[in-house]
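In: With the input below, show me the fold.
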Amino acid sequence: MGITDEGSLGTSSFAWSYVSSMDIPGSDFELAIRVGPASSSKCPRCWTYTHEEQPDLCPRCEDV
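Out: Here you go, the predicted model:
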């Protein structure tokens with residue numbers, strides 16, 4: 001038995017990805033985690049991935 005939620009992974013092929021899974025003790029379920037690169041750019045001030053590719057600050061940092 002399994003529940004699958006691909007979330008926002010879409011059908012794009014990543015340059016790299018990490019996939020790991022494990023059985024959940026006491027159940028018939030398996031937990032799988034898939035990690036890929038961020039789809040947004042990193043703000044040069046706070047390092048959060050919140051904006052499209054540009055050298056400017058994110059909206060949060062612009063307000064400071």
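
In: show me where this structure has strands.
Out: 18-23, 30-35, 41-42, 49-51 (DSSP state E).

In: Between these, which one is closest to Cys61.
Out: Nearest of the strands of the chain to Cys61, taken as C-beta to C-beta: strand 49-51 at 9.3 Å. Backbone N, C-alpha and C define where each C-beta goes, glycine included.

In: and the strands of the chain as CSV, adding mean pLDDT and mean neighbour count?
Out: Listed next are the strands of the chain as CSV, based on pLDDT from 0 to 100; neighbours: other C-beta atoms under 10 Å:
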stretch, mean pLDDT, mean neighbour count
strand 18-23, 89, 9
strand 30-35, 88, 11
strand 41-42, 84, 15
strand 49-51, 77, 15
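
In: Flag the shaky bits of this structure, pLDDT-wise.
Out: Along the chain, the parts satisfying pLDDT under 70 run over 1-14, 51, 53-54.

In: re earlier: specify the stretch among the strands of the chain that is closest to Pro59.
Out: strand 49-51 (7.3 Å).

In: still on that earlier bit, for the strands of the chain, give me TSV that also has distance to Glu62.
Out: Listed next are the strands of the chain as TSV, based on distance: least, C-beta to C-beta, whole Å:
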stretch	distance to Glu62
strand 18-23	33
strand 30-35	29
strand 41-42	14
strand 49-51	10
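
In: what's the closest of the ones you listed to Arg60?
Out: Closest among the strands of the chain, using C-beta to C-beta: strand 49-51, at 7.2 Å.

In: For Ser20, give its distance to Val35.
Out: 9 Å (C-beta to C-beta, to the nearest Å).

In: oh, I was asking about Arg60
Out: In terms of C-beta to C-beta, Arg60 sits 24 Å off from Val35.
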